[in-house]
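*Asks:* sequence unavailable; structure follows:
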Ligand SMILES: C[S@@+](CC[C@H](N)C(=O)[O-])C[C@H]1O[C@@H](n2cnc3c(N)ncnc32)[C@H](O)[C@@H]1O
């Protein structure tokens, strides 16, 4: 009741409108896995003093709150909840990929956005790069969408993997927020080298493109969360800053695209060959 998750219904209790909207499986805006993912950091928050003093992070399976399988499953399905509840639609609506044929989805997680982009662009194929555990979940989701012939997987370190140099699109989603500046810059360079001239890069992340007071509060909370749960060097970034890293990597024409969700999008291009 206090949390507005339950309503009194006659002599008993039932779902509130909030619970009914976000916590009922199979509904479009279901975010239950995302909520579990956040809950899994419970024991890490309990050791905040240690985290701050030692400048480290504590992952949920390092505190013993959940095992590694559970952690990855909640984390990845939580990311997929976000995509399925509207983020994937926003990305598809805001990028023109109808003539693109080969996408590299760096740290692509559950492959949520590769799935959405391939479904929306019939010529497109995608290679999803990530570690073993996320790719296990991605494989299942890709099979559920019957996209096994268009989406393939490359297991490896997304910051230094060996890529062919024939991609005409690159997606980096949900990575800049959880890594250091140096690592983000490294990934932008990797994408630049993998793209053909004229290739497009899409950076979708929790970035600040607007500065409303409500957004400021959300950004502060998110900042603390990523330092505790991901990387001491992680930070919610200014869009302008991320765009400047793209330009430093060689990209041109950065476009800042605010979205009606908590994430924003920046696209840019590798210069055409002359
Ligand atoms: C917030 S998730 C985003 C996943 C997906 N791109 C999305 O937007 O739904 C961050 C992803 O980065 C991946 N990641 C983090 N460090 C990595 C590394 N060194 N190599 C490959 N992937 C990594 C994680 O496994 C995770 O899938």
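*Replies:* Received it, and whenever you're ready, just let me know what you need. All of these numbers come straight from a predicted model, not from anything done at the bench. Numbering: from 1, shown residues only.
*Asks:* please make it C-alpha for all contacts and neighbour counts, starting now.
*Replies:* Fine.
*Asks:* could you pull out the strands for the stretch 1-150 of the chain?
*Replies:* For the stretch 1-150 of the chain, applying DSSP state E, counting those that start in this stretch gives strands covering 6-9, 12-15, 102-106, 125-130.
*Asks:* which parts of the stretch 101-250 of the chain sit against the ligand?
*Replies:* Applying C-alpha under 6 Å from any ligand atom, we find that the stretch 101-250 of the chain lies next to the ligand at 107-109, 112, 130-131, 134, 156-159, 173-175.
*Asks:* nearest residue to the residue nearest the centre of the chain other than its sequence neighbours?
*Replies:* Nearest to the mean C-alpha position of the chain, by C-alpha atoms, centre = their mean, lies residue 174 at 2.7 Å. The shortest distance from residue 174 to any non-neighbouring residue, by C-alpha to C-alpha, 6 or more residues apart in numbering, is to residue 205 (4.9 Å).
*Asks:* who does that neighbour bridge with?
*Replies:* residue 264 (DSSP bridges).
*Asks:* can you get me a residue count around it?
*Replies:* 21 (other C-alpha atoms under 10 Å).
*Asks:* what part of the protein, helix or strand, is modelled with the least confidence?
*Replies:* The helix or strand of the chain with the lowest confidence, counting by mean pLDDT, DSSP states H and E, is helix 213-229 at a mean of 84.
*Asks:* show me what it is packed up against.
*Replies:* helix 42-45 (3 or more C-alpha pairs under 8 Å, 6 or more residues apart in numbering; DSSP states H and E).
*Asks:* follow-up on the earlier one: the residue nearest to the centre of the chain against residue 202, yeah?
*Replies:* No: in this structure, residue 174 is not within contact of residue 202 by C-alpha atoms under 8 Å, at 11.1 Å.
*Asks:* what is in contact with those two at once?
*Replies:* Between them, residue 174 and residue 202 share no contacting residue under C-alpha atoms under 8 Å, 6 or more residues apart in numbering.
*Asks:* show me this structure divided up by domain.
*Replies:* 1-29, 76-269 (automatic domain parsing).
*Asks:* and those domains, which one is worst for confidence?
*Replies:* Across the domains of the chain, domain 1-29 has the smallest mean pLDDT, namely a mean of 89.
*Asks:* what segments of the stretch 151-274 of the chain are helices?
*Replies:* Here the stretch 151-274 of the chain has its helices, by DSSP state H, counting those that start in this stretch, at 181-194, 213-229, 239-249.
*Asks:* tilt between the first one and strand 102-106?
*Replies:* Pointing back at helix 181-194 there. On the basis of axes from the mean of the first three to the mean of the last three C-alpha atoms, to 10 degrees, helix 181-194 is oriented at 170 degrees to strand 102-106.
*Asks:* what's helix 181-194 in contact with?
*Replies:* By C-alpha under 8 Å, 6+ apart, helix 181-194 touches 158-160, 163-167, 170, 175-176, 201, 233-234, 245-246, 249-251, 270.
*Asks:* kindly recompute the last result at 6 Å.
*Replies:* 159, 165, 176, 249 (C-alpha atoms under 6 Å, 6 or more residues apart in numbering).
*Asks:* re earlier: deepest of the domains of the chain, which one?
*Replies:* Most buried of the domains of the chain, by mean neighbour count (mean count of other C-alpha atoms under 10 Å): domain 76-269, with a mean of 19.
*Asks:* now do that one: distance to the chain's middle.
*Replies:* On the basis of C-alpha atoms, centre = their mean, to the nearest Å, domain 76-269 sits 6 Å off its chain's mean C-alpha point.
*Asks:* what about it, start to end distance?
*Replies:* Separation of the first and last residues of domain 76-269 by C-alpha to C-alpha, to the nearest Å is 29 Å.
*Asks:* so who does residue 235 touch?
*Replies:* 177, 223.
*Asks:* mind redoing it with 8 Å?
*Replies:* 176, 177, 178, 179, 180, 223, 226, 227.
*Asks:* so which of those residues comes closest to the ligand?
*Replies:* residue 178 (7.0 Å; C-alpha to the nearest ligand atom).
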